[in-house]
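Colleague: okay, here's the prediction I keep looking at, along with the sequence it came from:
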Amino acid sequence: MNARDDFFGRAYPARWWHRLDDGRLQCDLCPRDCRLHEGQRGLCFVRQRVGDAMVLTTYGRSSGFCIDPIEKKPLNHFYPGTSVFSFGTAGCNLACKFCQNWDISKSREMDRLMDRAAPETIAAVAKRYGCESVAFTYNDPVIFAEYALDTAAACHELGLRTVAVTAGYVHAEPRREFFAAMDAANVDLKGFSEDFYFKLTGAHLAPVLETLEYIRHETSCWLEITTLLIPGYNDSDAEIEAETRWIVERLGPDVPLHFTAFHPDYKMTDVPPTPPATLTRARRIALENGLRYVYTGNVRDVDGGTTFCPSCGAAVIRRDGYSILGYELTEAGACRHCGAAIAGRFGRFVRAFGPRRIPVRIAP
């Protein structure tokens with residue numbers, strides 16, 4: 001069967017798997033290495049064994065399409081002020097107890113994926129709406145890599161950029177192909193201890209750190225990082241110190257870091273929201289450790305959302321949430337006050353898309 005003829009389908013041939021001596025099929029997409037008997041699904045729920053092959057059950061099926069500001073991904077140094085066409089599917093290869101998007105990422109109801117579109121359709125619609133990029137988001141695009149890669153190719157054909165919002169939990173071979181097709185990525189670094197990762201996400205820290213180093217040093221994909229700070233779990237001075245020092249030493253001081261506020265959700269409704277003071281403290285520690293671009297999110301904080309020139313200290317992109325209040329960069333991304341280059345991907349800035357969110361329906 002040619003899977004491209006069945007993009008709505010439930011039997012798109014998956015890549016990155018092999019047969020074991022005992023007859024099971026092992027998925028080689030992520031470090032979970034799920035080993036499946038006939039009919040079984042991996043932990044992500046969307047990769048399934050059907051007969052003697054692995055299939056992706058969500059190819060061409062989305063939980064929804066929406067036009068967002070690029071800052072919502074969050075990406076503050078990737079063509080600021082532009083709009084991005086966003087979509088995801090269902091499922092996830094992590095098991096985060098604090099998931100802020102659990103209704104999609106933990107969904108086991110495939111029939112909720114009512115919005116259906118071929119990769120070429122997504123690219124064409126995004127172009128028609130004037131978006132400059134397409135984001136694979138809402139749930140982790142690694143688990144629908146085949147669909148994301150085909151869509152990325154269709155986007156690039158039309159001159160659109162591609163963005164991945166991911167936890168970075170992926171094996172080396174698919175990682176190489178996946179990020180070669182992405183123009184930017186925001187990776188969730190969910191904490192900075194193996195204990196946190198194992199107990200709260202059911203995963204491991206090391207593969208995520210490997211992904212971060214790979215993106216930063218082996219690809220041309222623009223990288224930003226987000227850490228959701230959860231009171232009492234990953235918000236200590238010691239852990240923030242360790243994380244930010246690692247980023248400076250292993251990735252460099254120019255990688256933007258976003259500290260965002262947790263709100264009670266999913267299996268952690270008994271944990272209080274993150275106080276704004278925690279984000280301010282984390283941002284101060286990161287700046288003191290040498291990171292040049294540190295942001296706060298999910299709170300009202302103009303300073304925490306503003307990009308400052310690391311050379312002269314001027315506010316070169318002043319933000320209030322997803323709104324841009326002032327823009328003082330040249331088309332090449334240099335500070336208009338002192339001429340210093342700001343790390344990122346920039347272009348001609350006319351006006352910002354703004355904070356609005358526009359749902360879009362695509363007819364099958």
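Modeller: Happy to help now that I have it.

Colleague: sketch out the strands for the stretch 101-250 of the chain, chain order is fine.
Modeller: 115-116, 133-136, 161-166, 184-188, 222-229 (DSSP state E, counting those that start in this stretch).

Colleague: I'd like the ones you listed as a markdown table, with mean pLDDT, mean neighbour count and distance to Phe98 appended.
Modeller: To be clear about C-beta, it is placed using only N, CA and C from the backbone, and glycine gets the same treatment. A markdown table is the format used below for these (pLDDT from 0 to 100; neighbours: other C-beta atoms under 10 Å; distance: least, C-beta to C-beta, whole Å):
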| stretch | mean pLDDT | mean neighbour count | distance to Phe98 |
| --- | --- | --- | --- |
| strand 115-116 | 78 | 18 | 27 |
| strand 133-136 | 98 | 27 | 22 |
| strand 161-166 | 98 | 25 | 16 |
| strand 184-188 | 98 | 24 | 11 |
| strand 222-229 | 98 | 23 | 7 |
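
Colleague: which stretch among those strands comes nearest Arg284?
Modeller: Judged by C-beta to C-beta, the one of the strands of the stretch 101-250 of the chain that comes nearest to Arg284 is strand 222-229, at 13.2 Å.

Colleague: closest one to Arg24 among the strands of the stretch 101-250 of the chain?
Modeller: Of all those, strand 161-166 comes closest under C-beta to C-beta, at 26.9 Å.

Colleague: keeping just the C-alphas, turn that closest one into PDB.
Modeller: The C-alpha coordinates for strand 161-166 follow below in PDB (Å, rounded to 0.1, in the frame of the first residue of the first chain):
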ATOM      1  CA  ARG A 161       9.800  27.800   7.600                       C
ATOM      2  CA  THR A 162       9.200  25.000  10.000                       C
ATOM      3  CA  VAL A 163       9.100  24.900  13.800                       C
ATOM      4  CA  ALA A 164       9.200  21.900  16.200                       C
ATOM      5  CA  VAL A 165       8.000  22.200  19.800                       C
ATOM      6  CA  THR A 166       9.300  19.100  21.400                       C
END
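
Colleague: residue contacts, Asp188?
Modeller: Neighbouring residues of Asp188 by C-beta atoms under 8 Å, 6 or more residues apart in numbering: 165-168, 225-228.

Colleague: strands along the stretch 251-364 of the chain, start to end?
Modeller: 257-261, 294-297, 307-308, 315-320, 323-327, 358-360.

Colleague: each with direction, which strands does the shortest one pair with?
Modeller: Its sheet considered, strand 307-308 pairs with strand 315-320 (antiparallel) by DSSP bridges.

Colleague: list the contacts of the partner strand.
Modeller: 71, 76, 80, 300, 302, 305-309, 324-329, 335-337, 342.

Colleague: for ChimeraX, write a command that selects the buried ones of those residues.
Modeller: Entered in ChimeraX, the line below selects the buried ones among the contacts of strand 315-320, by 16 or more other C-beta atoms under 10 Å:
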select :71,76,80,305,306,307,308,309,324,327,328,329,335,342
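
Colleague: now the strands of the stretch 101-250 of the chain as JSON lines including distance to Asp33?
Modeller: Shown next, in JSON lines, are those (distance: least, C-beta to C-beta, whole Å):
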{"stretch": "strand 115-116", "distance to Asp33": "30"}
{"stretch": "strand 133-136", "distance to Asp33": "23"}
{"stretch": "strand 161-166", "distance to Asp33": "19"}
{"stretch": "strand 184-188", "distance to Asp33": "21"}
{"stretch": "strand 222-229", "distance to Asp33": "26"}
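
Colleague: surely Val187 touches Ile225?
Modeller: Yes - with contacts counted by C-beta atoms under 8 Å, Val187 reaches Ile225, the gap being 5.6 Å.

Colleague: show me whatever sits in contact with both of those two.
Modeller: Contacts common to Val187 and Ile225, judged by C-beta under 8 Å, 6+ apart, are Leu212.

Colleague: what about the stretch 201-350 of the chain, any weak spots by pLDDT?
Modeller: Applying pLDDT under 70 to the stretch 201-350 of the chain flags no residue at all.

Colleague: can you pull out the helices in it?
Modeller: Under the criterion DSSP state H, counting those that start in this stretch, the stretch 201-350 of the chain contains helices at 205-218, 237-246, 276-288, 302-305.

Colleague: is it possible to get TSV of the strands of the stretch 251-364 of the chain that adds distance to Tyr147?
Modeller: Output for those, formatted as TSV (distance: least, C-beta to C-beta, whole Å):
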stretch	distance to Tyr147
strand 257-261	26
strand 294-297	28
strand 307-308	33
strand 315-320	32
strand 323-327	32
strand 358-360	17
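
Colleague: quickly list the domain ranges of the protein.
Modeller: The record's domain split for the chain, according to automatic domain parsing, is 3-56, 62-299+349-360.

Colleague: most packed of the ones you listed?
Modeller: domain 62-299+349-360 (a mean of 20; mean count of other C-beta atoms under 10 Å).

Colleague: show me what contacts Ile230?
Modeller: The contact partners of Ile230, by C-beta under 8 Å, 6+ apart, come to 98, 200, 262, 268, 271, 274.
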